[in-house]
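1. fold the following, please.
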Amino acid sequence: MRPIRTVVTQVIWMLLIFAYCEAEAADKKEWVKLTDCQYVAQKYNDGDSFGVKCGTDEYIFRLYFVDAPETNLRYAERTREQSEHFGVTLDETMKAGVKAKEAVRDILQKPFVVWTRWATAQGEAGCCDTMDSSRLMGRGLRRFWSAWDWHGQRA
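-> Down below sits the predicted model:
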(Lines give C-alpha, C1' and ligand atoms only; values in the text may rest on other atoms or scores of the structure.)
Protein backbone atom coordinates (compact mmCIF):
# COMPACT_ATOMS: atom_id res chain seq x y z
CA MET A 1 0.00 0.00 0.00
CA ARG A 2 1.32 3.45 -0.92
CA PRO A 3 1.90 6.05 1.79
CA ILE A 4 -0.82 8.71 1.85
CA ARG A 5 1.74 11.44 1.07
CA THR A 6 2.65 9.70 -2.20
CA VAL A 7 -0.99 9.38 -3.20
CA VAL A 8 -1.70 13.03 -2.34
CA THR A 9 1.36 14.16 -4.30
CA GLN A 10 0.24 12.17 -7.34
CA VAL A 11 -3.27 13.61 -7.14
CA ILE A 12 -1.89 17.15 -6.89
CA TRP A 13 0.32 16.61 -9.94
CA MET A 14 -2.61 15.19 -11.90
CA LEU A 15 -4.74 18.21 -11.00
CA LEU A 16 -1.96 20.62 -12.00
CA ILE A 17 -1.49 18.85 -15.33
CA PHE A 18 -5.26 18.86 -15.95
CA ALA A 19 -5.51 22.57 -15.09
CA TYR A 20 -2.57 23.38 -17.39
CA CYS A 21 -4.05 21.37 -20.28
CA GLU A 22 -7.46 22.99 -19.81
CA ALA A 23 -5.89 26.47 -19.78
CA GLU A 24 -3.89 25.66 -22.91
CA ALA A 25 -7.01 24.36 -24.67
CA ALA A 26 -9.03 27.45 -23.71
CA ASP A 27 -6.29 29.71 -25.10
CA LYS A 28 -6.56 27.93 -28.47
CA LYS A 29 -10.35 28.00 -28.74
CA GLU A 30 -11.88 30.48 -31.14
CA TRP A 31 -14.08 33.28 -29.89
CA VAL A 32 -17.79 32.57 -30.30
CA LYS A 33 -20.32 35.38 -30.66
CA LEU A 34 -23.79 34.85 -29.18
CA THR A 35 -26.28 37.53 -30.22
CA ASP A 36 -29.62 38.74 -28.92
CA CYS A 37 -28.86 37.44 -25.41
CA GLN A 38 -31.08 38.18 -22.44
CA TYR A 39 -30.29 38.44 -18.74
CA VAL A 40 -32.03 35.70 -16.73
CA ALA A 41 -32.79 36.41 -13.07
CA GLN A 42 -31.40 33.54 -10.96
CA LYS A 43 -30.73 33.19 -7.24
CA TYR A 44 -27.00 32.69 -7.89
CA ASN A 45 -26.56 35.85 -10.02
CA ASP A 46 -24.09 38.39 -8.71
CA GLY A 47 -21.81 41.10 -10.06
CA ASP A 48 -19.54 38.76 -12.03
CA SER A 49 -21.72 35.75 -12.91
CA PHE A 50 -25.30 35.48 -14.06
CA GLY A 51 -27.84 33.56 -16.08
CA VAL A 52 -28.10 34.27 -19.81
CA LYS A 53 -30.62 33.08 -22.39
CA CYS A 54 -29.55 32.93 -26.04
CA GLY A 55 -32.32 31.64 -28.28
CA THR A 56 -33.64 28.52 -26.58
CA ASP A 57 -30.42 27.82 -24.65
CA GLU A 58 -29.67 29.03 -21.12
CA TYR A 59 -26.19 29.42 -19.65
CA ILE A 60 -24.44 30.65 -16.56
CA PHE A 61 -21.66 33.03 -17.56
CA ARG A 62 -18.86 34.52 -15.49
CA LEU A 63 -17.19 37.69 -16.73
CA TYR A 64 -13.56 37.25 -17.77
CA PHE A 65 -11.01 38.84 -15.42
CA VAL A 66 -13.61 40.15 -12.97
CA ASP A 67 -14.05 39.78 -9.24
CA ALA A 68 -17.15 41.53 -7.91
CA PRO A 69 -17.77 41.56 -4.16
CA GLU A 70 -19.75 38.63 -2.82
CA THR A 71 -23.38 39.23 -1.84
CA ASN A 72 -23.38 36.82 1.13
CA LEU A 73 -21.17 34.57 3.24
CA ARG A 74 -21.65 31.44 1.14
CA TYR A 75 -17.91 31.63 0.40
CA ALA A 76 -16.93 33.17 3.73
CA GLU A 77 -13.16 33.05 3.16
CA ARG A 78 -13.52 34.76 -0.23
CA THR A 79 -15.77 37.45 1.24
CA ARG A 80 -13.26 38.02 4.05
CA GLU A 81 -10.40 38.33 1.55
CA GLN A 82 -12.38 40.86 -0.47
CA SER A 83 -13.11 42.88 2.69
CA GLU A 84 -9.42 42.93 3.55
CA HIS A 85 -8.47 43.88 -0.01
CA PHE A 86 -10.81 46.88 -0.03
CA GLY A 87 -10.28 47.76 3.65
CA VAL A 88 -13.97 47.53 4.55
CA THR A 89 -16.18 45.42 6.81
CA LEU A 90 -17.87 42.19 5.73
CA ASP A 91 -21.22 43.97 5.79
CA GLU A 92 -19.89 46.75 3.52
CA THR A 93 -18.46 44.15 1.15
CA MET A 94 -21.79 42.34 0.86
CA LYS A 95 -23.68 45.63 0.37
CA ALA A 96 -21.26 46.48 -2.47
CA GLY A 97 -21.87 42.98 -3.86
CA VAL A 98 -25.61 43.63 -3.95
CA LYS A 99 -24.97 46.96 -5.74
CA ALA A 100 -22.74 45.20 -8.29
CA LYS A 101 -25.42 42.55 -8.86
CA GLU A 102 -28.04 45.25 -9.40
CA ALA A 103 -25.73 47.22 -11.71
CA VAL A 104 -25.13 44.17 -13.93
CA ARG A 105 -28.87 43.46 -14.03
CA ASP A 106 -29.58 47.10 -14.99
CA ILE A 107 -26.82 47.26 -17.63
CA LEU A 108 -28.04 44.02 -19.26
CA GLN A 109 -31.75 44.87 -19.45
CA LYS A 110 -31.63 45.24 -23.23
CA PRO A 111 -30.55 42.39 -25.53
CA PHE A 112 -26.77 42.08 -25.61
CA VAL A 113 -23.92 40.18 -27.26
CA VAL A 114 -21.77 37.59 -25.49
CA TRP A 115 -18.25 36.81 -26.69
CA THR A 116 -16.93 33.57 -25.21
CA ARG A 117 -14.29 30.88 -25.67
CA TRP A 118 -16.31 28.51 -23.48
CA ALA A 119 -13.55 28.44 -20.86
CA THR A 120 -14.40 27.52 -17.29
CA ALA A 121 -13.83 29.87 -14.41
CA GLN A 122 -12.70 28.22 -11.19
CA GLY A 123 -14.62 25.08 -12.11
CA GLU A 124 -17.88 26.91 -12.55
CA ALA A 125 -19.67 28.75 -15.32
CA GLY A 126 -18.37 29.44 -18.80
CA CYS A 127 -16.59 32.77 -19.12
CA CYS A 128 -17.69 35.63 -21.27
CA ASP A 129 -17.21 39.31 -21.92
CA THR A 130 -20.55 41.05 -22.30
CA MET A 131 -19.95 44.66 -21.44
CA ASP A 132 -17.39 47.42 -21.21
CA SER A 133 -15.48 46.57 -18.02
CA SER A 134 -15.12 50.21 -17.09
CA ARG A 135 -18.87 50.48 -16.43
CA LEU A 136 -18.64 48.49 -13.19
CA MET A 137 -15.05 49.36 -12.32
CA GLY A 138 -15.91 53.04 -12.67
CA ARG A 139 -18.57 52.53 -10.02
CA GLY A 140 -16.06 50.75 -7.77
CA LEU A 141 -18.13 47.59 -7.90
CA ARG A 142 -15.50 45.12 -9.08
CA ARG A 143 -11.77 44.65 -9.39
CA PHE A 144 -9.56 43.24 -12.10
CA TRP A 145 -8.99 39.55 -11.43
CA SER A 146 -6.95 37.33 -13.69
CA ALA A 147 -6.97 33.61 -14.22
CA TRP A 148 -4.38 31.43 -12.52
CA ASP A 149 -1.44 30.67 -14.72
CA TRP A 150 -0.13 27.13 -14.74
CA HIS A 151 2.46 27.92 -12.04
CA GLY A 152 -0.35 28.66 -9.58
CA GLN A 153 0.32 32.40 -9.64
CA ARG A 154 -2.00 35.18 -10.67
CA ALA A 155 -1.39 35.89 -14.35
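2. surely residue 45 meets residue 101?
-> Yes: checked against CB atoms under 8 Å, the pair residue 45 and residue 101 is within contact range at 6.1 Å. Every C-beta, even on glycine, is put in place using the N, C-alpha and C of the backbone.
3. contacts made by the longest strand seen in the chain with the rest, please.
-> Taking residue count as the measure and DSSP state E as the definition, the longest strand of the chain comes out as strand 32-40. When contacts are taken as CB atoms under 8 Å, 6 or more residues apart in numbering, the neighbours of strand 32-40 outside the stretch itself are 50-55, 58, 104-105, 108-109, 111-118, 130.
4. mind listing what's buried along it?
-> Under the neighbour-count criterion of 16 or more other CB atoms under 10 Å, strand 32-40 has 34, 37, 39 buried.
5. before we move on, what SS does the residue nearest to residue 86 when sequence neighbours are not counted have?
-> By the measure of CB to CB, 6 or more residues apart in numbering, the closest residue to residue 86 outside its immediate chain neighbours is residue 93, 6.8 Å from it. The local conformation at residue 93, judged by DSSP: H, G, I helix; E, B strand; the rest coil, is helix.
6. so how far is residue 58 from residue 93?
-> In this view, residue 93 and residue 58 are 29 Å apart by CB to CB, to the nearest Å.
7. and for residue 109?
-> Taking CB to CB as the measure, residue 109 falls 17 Å from residue 58.
8. what about residue 53, which SS state?
-> Three-state assignment for residue 53 (three-state DSSP): strand.
9. so how many other residues sit close to it?
-> The criterion is other CB atoms under 10 Å. On that basis, residue 53 has 14 neighbouring residues.
10. check residue 75 too.
-> 11.
11. got the phi/psi numbers for it?
-> Recorded main-chain torsions at residue 75 are phi -110, psi 80, according to degrees, to the nearest 10.
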